[in-house]
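>>> structure for this input, please:
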Amino acid sequence: MQTFDESPAITDHPSAPAEQYGRPCRQGLKPLDCTLDQMRKELNRRTQEFRALSENSPDIIVRYDRDGLCLYGNATSARIAGMAQEEMLGKRPTELRATDNTRRFEKCVASVFETGEHGNVQLKWPSPDGRAFTYDMRLVPEFDSDHQIASVLAVGRDVTHLLENEWRLRRTETLARIGHWQWDFARKESVISAEVCRHFNMAPGWQPPLDEVLAMLPSEDRRQITTLYLQAVSARLPEVAFSYRLVNTAGTLLHLHTIVHIEYGLRRPLRLLGTTQDVSQQKSYESRLHEMAYHDPLTGLPNRALFNTELEQALAESAKTGGHLSLLVLDLDRFQEINDTNGHMAGDHILHECGERLRQLVRESDMVARLGGDEFGIVQRGIHSPAELEGFARRIVNALMRPIRIAEHEFFPSASIGIARYPFDGSQGYELLQHADSALSEAKSRGRSGVRFYSEELTIKSRERAAIEAALRRAEPEGQLALYYQPKVDLRTGECIGAEALLRWNHPAWGMVTPDRFIGIAEDSGIIVSIGAWVLTKACLVAHQMNRAGGRNFKVAVNLSPRQFRDNDLVATVQCILSATGCEPQWLELEITEGLLLENDDGARAALLALRAMGISIAIDDFGTGYSALAYLKRFPINVLKIDRSFVRDIGIDHDSTELVRAIISMARSLRLDLVAEGIETEEQNHFLLLQGCQMGQGYYHGRPVPWEQFDAVRTPGHDEPPQRARHPSPFGTAVDGVA
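The predicted structure is shown next:
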């Protein structure tokens, strides 16, 4: 196939024998005349062919003389110029359109005449319809018989779409942050696209040796790439891909992904054709997703999912090496109160600060995570000495107790910790977590800032607790619960003026279950709310029965749980029960613990004010055993104090208890509060309380707790039988040593 500079010029050809054309001479002509005639015809034929090719070519074909004037232009050139072919003749390109581009084209034509060398230039030309075209012009010198340049032939191909496609490719590469490159081992040449140069922070046209590029990669990544490439070449794989890091000349860390196509010769690769993409944004996005999936957004610590994974891996390593591992689970004490009283922003601040303190306490080989809420977990490797573990746990407790200041307030968080050890307390992650949780529950039940190691008895206790909770949920519907009533008397007259309703549970298989075994479980599980409503209903029915005849004010006392204040609308519940049973508010007394008042709960205070406004008496049970504070006697609508049995029991025996009872009675009289002494068992105790001014009392001296059907037969002082010890303690923690 002929190129444009191999095409025949439109000139006379040298003579050739007639036989060459294979045609006989016409009759009457001499052989020489015949030969010339045939040559002219052949020349005309070939000229016509050339003109047909030129005129129908989609490329521009123009011939210029030494003055840069057009000698010939084909139809395509005329169409692009927007004029007839005849109009183009004798004109320079700048006469058709004077632009920097046409002036540059004219200079290139002149340069070909001067140097005799081929030339290349891009000619941009607007078409008549307003579109812009770009032509790749190849300029070829044409020589005459004296080997002088007679003219310059310019052949131009429309590369507009090609350039547009190249621009789109570059644009796509830029948007996708992907570039292409190639290395030719035989020629030792490289071609690198602008986007790849941008990755390396190099100027376009950068053509380094392959070794120089590899030297810019971290050694670990360079070894990995080399290994993968050699493995692919050894197996004569057509393609290999790898991801790696790059710190470019600007100091920017990039994550790149390269796919290499390998062209092989007989023995070794000849050429590498590759695409390289900057996947730094994708890596960053993946990193953020991983952070969100496996880290707590508030503290930045690993979350439960990552903690469980790391725990299993640590256990697997310990199993291989025979090492020890400890799991600590800690929980902030009374954290819910901080959220309730100061808001979740304060709670979040405290959680974040506690997380930072824990992070600073652990070793690099340890792991600390936020498991959820205010619970954290720590995995410690290597330490198996209980003394060392307890010392570490105590350091945690002390560190967390340092004050945290938020605005003008200071908070002093504390934590309880449960510890389980591998391999002593379990070999699986879920076992250690379960056992550490059991130890944590035991630590919290013993008070704030406790540390407890797991023991097998905790599992037994936990199973027993679960069994009691399951059975307790069926107790009320199946009629296993009952109320016993202990008389309350006026110490001055001995008259029975009321009774305290005490809960009993008679299980069909276990027999009588003492309240100290199930009341705490009912509190924690929330069952106490439904049981409390049942107790209140039964007690109100008894109060109505005792007072319906009129002429007396027999008051029934019922213990309330703090959970009843939090988990439902207590005031609405009491109103509904009073209305349903016909019980008047003045026949009911509600007993609460000091702990409820110490929580300083505005909701509880509002409920107590509403109940007191209804005419219901409010009593503090077991007064003096908690963190007694006179301030809450003023803040809350309290009108009755019940002296705890532990003080009454030691009257006349322990000087401090005796004086404390005197002080309580004196204080109550000063504050105009009614007094009830619990646990009176002897005449001496009864007499002392009467002399000191205590108005009311209850205990075995005045009568045992009995079912309502037996209440009228309760013995009173003056009978021959001495008081007996109770078999069952009273509910809500009022029982001490079996005394009801």
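>>> okay, CA-based contacts and neighbour counts for the rest of this
Will do.
>>> buried sites along stretch 228-236?
Neighbour-count burial for stretch 228-236, counted by 16 or more other C-alpha atoms under 10 Å, picks out 229, 232-233.
>>> what about those, which are in strands?
With DSSP state E as the criterion, strands contain none of the buried residues of stretch 228-236.
>>> in TSV, list the residues you listed along with distance to Asn547.
Formatted as TSV, the buried residues of stretch 228-236 follow (distance: C-alpha to C-alpha, whole Å):
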residue	distance to Asn547
Tyr229	98
Ala232	99
Val233	102
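>>> so which of these sit within helices?
Of the positions in these, 229, 232-233 sit in helices, assigned by DSSP state H.
>>> tell me which of those residues is nearest to Asp602?
The closest of these to Asp602 turns out to be Tyr229 (C-alpha to C-alpha; 72.2 Å).
>>> was I right about the closest one contacting Val240?
Yes - checked against C-alpha atoms under 8 Å, the pair Tyr229 and Val240 is within contact range at 6.9 Å.
>>> flag every buried residue along the one helix or strand His290 maps to.
Element membership for His290 (DSSP states H and E) is helix 280-294. With burial defined by 16+ other C-alpha under 10 Å, the residues of helix 280-294 counted as buried are 280, 291, 294.
>>> now tabulate the residues you listed in JSON lines and tack on distance to Phe133 and pLDDT.
Putting the buried residues of helix 280-294 into JSON lines (distance: C-alpha to C-alpha, whole Å; pLDDT from 0 to 100) gives the following:
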{"residue": "Ser280", "distance to Phe133": "38", "pLDDT": "83"}
{"residue": "Glu291", "distance to Phe133": "52", "pLDDT": "75"}
{"residue": "Tyr294", "distance to Phe133": "57", "pLDDT": "86"}
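>>> now tabulate the residues you listed in a markdown table and tack on distance to Arg45.
Listed next are the buried residues of helix 280-294 as a markdown table, based on distance: C-alpha to C-alpha, whole Å:
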| residue | distance to Arg45 |
| --- | --- |
| Ser280 | 66 |
| Glu291 | 80 |
| Tyr294 | 83 |
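>>> contacts only, for Leu253.
245-247 (C-alpha atoms under 8 Å, 6 or more residues apart in numbering).
>>> try 10 Å this time
199, 245-247, 280 (C-alpha atoms under 10 Å, 6 or more residues apart in numbering).
>>> do Asp374 as well
With C-alpha under 10 Å, 6+ apart, Asp374 has these contacts: 330-336, 347-348, 350-351, 354-355, 415.
>>> measure the residue nearest the centre of the chain to Arg236 for me?
The chain has Met292 as the residue nearest its centroid, 3.3 Å off, counting by C-alpha atoms, centre = their mean. Distance of Met292 to Arg236, computed by C-alpha to C-alpha, to the nearest Å: 42 Å.
>>> before we move on, the earlier item: could I get the buried residues of stretch 228-236 as a markdown table with pLDDT?
Output for the buried residues of stretch 228-236, formatted as a markdown table (pLDDT from 0 to 100):
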| residue | pLDDT |
| --- | --- |
| Tyr229 | 90 |
| Ala232 | 92 |
| Val233 | 91 |
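>>> which of the residues you listed lies closest to Glu442?
Scanning these for proximity to Glu442, where the rule is C-alpha to C-alpha, the winner is Tyr229, at 59.9 Å.
>>> pretty sure the closest one contacts Thr258?
No - if you go by C-alpha atoms under 10 Å, Tyr229 and Thr258 don't touch, sitting 11.6 Å apart.
>>> show me whatever sits in contact with both of those two.
240-242.
>>> next secondary structure after the longest helix seen in the chain?
If you go by DSSP H, the chain has its longest helix at helix 31-56. Following helix 31-56 in sequence order, the next helix or strand is strand 60-64 (DSSP H and E).
>>> tell me the strands beside the helix or strand following that following strand, with direction?
Downstream of strand 60-64, the first helix or strand assigned by DSSP H and E is strand 70-73. Applying DSSP bridges to the sheet, strand 70-73 is found paired with strand 60-64 (antiparallel).
>>> just the CA trace of the partner strand, in PDB.
Provided in PDB are the C-alpha atoms of strand 60-64 (Å, rounded to 0.1, in the frame of the first residue of the first chain):
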ATOM      1  CA  ILE A  60      -7.000  17.300   2.900                       C
ATOM      2  CA  ILE A  61      -4.600  17.300  -0.100                       C
ATOM      3  CA  VAL A  62      -3.100  20.600  -1.100                       C
ATOM      4  CA  ARG A  63       0.000  21.500  -3.100                       C
ATOM      5  CA  TYR A  64       2.000  24.800  -2.500                       C
END
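>>> need the nearest residue in space to Met88, chain neighbours excluded.
Of all residues not flanking Met88 in the chain, Cys70 sits nearest, at 6.5 Å (C-alpha to C-alpha, 6 or more residues apart in numbering).
>>> name the helices or strands packed onto the following helix or strand past the helix holding His290?
Once helix 280-294 ends, the next helix or strand along the chain (criterion: DSSP H and E) is helix 304-321. Counting by 3 or more C-alpha pairs under 10 Å, 6 or more residues apart in numbering; DSSP states H and E, the packing neighbours recorded for helix 304-321 are helix 280-294, strand 325-332, strand 367-372, strand 375-381, strand 415-422, helix 429-445.
>>> pull out the buried positions in the last one.
Buried residues in helix 429-445, counting neighbours by 16+ other C-alpha under 10 Å, are found at 429, 432-444.
>>> could you give the mean pLDDT of the strand or helix carrying Gln122?
Assessed by DSSP H and E, Gln122 sits inside strand 119-126. Here strand 119-126 scores 81 as its mean pLDDT.
>>> quick one: strands adjacent to that strand?
For strand 119-126, pairing defined by DSSP bridges yields strand 132-143 (antiparallel).
>>> what distance separates the helix or strand following the partner strand from the centre of its chain?
Using DSSP H and E, the helix or strand that follows strand 132-143 in sequence is strand 149-158. Once both centres are worked out by C-alpha atoms, centre = their mean, to the nearest Å, strand 149-158 turns out to sit 69 Å from its chain's centre.
>>> just checking: what are the partner strands of strand 149-158?
strand 60-64 (antiparallel), strand 132-143 (antiparallel).
>>> mind checking those for the one nearest to His507?
Comparing the strands paired with strand 149-158 by C-alpha to C-alpha, strand 132-143 comes nearest, at 97.9 Å.
>>> quick one: buried residues of the closest one?
134-142.
>>> as a markdown table, those with pLDDT would be great.
Output for the buried residues of strand 132-143, formatted as a markdown table (pLDDT from 0 to 100):
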| residue | pLDDT |
| --- | --- |
| Thr134 | 83 |
| Tyr135 | 84 |
| Asp136 | 87 |
| Met137 | 89 |
| Arg138 | 91 |
| Leu139 | 92 |
| Val140 | 90 |
| Pro141 | 92 |
| Glu142 | 90 |
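>>> return the member of these nearest to Phe113.
Using C-alpha to C-alpha, the buried residues of strand 132-143 come closest to Phe113 at Pro141, 7.0 Å.
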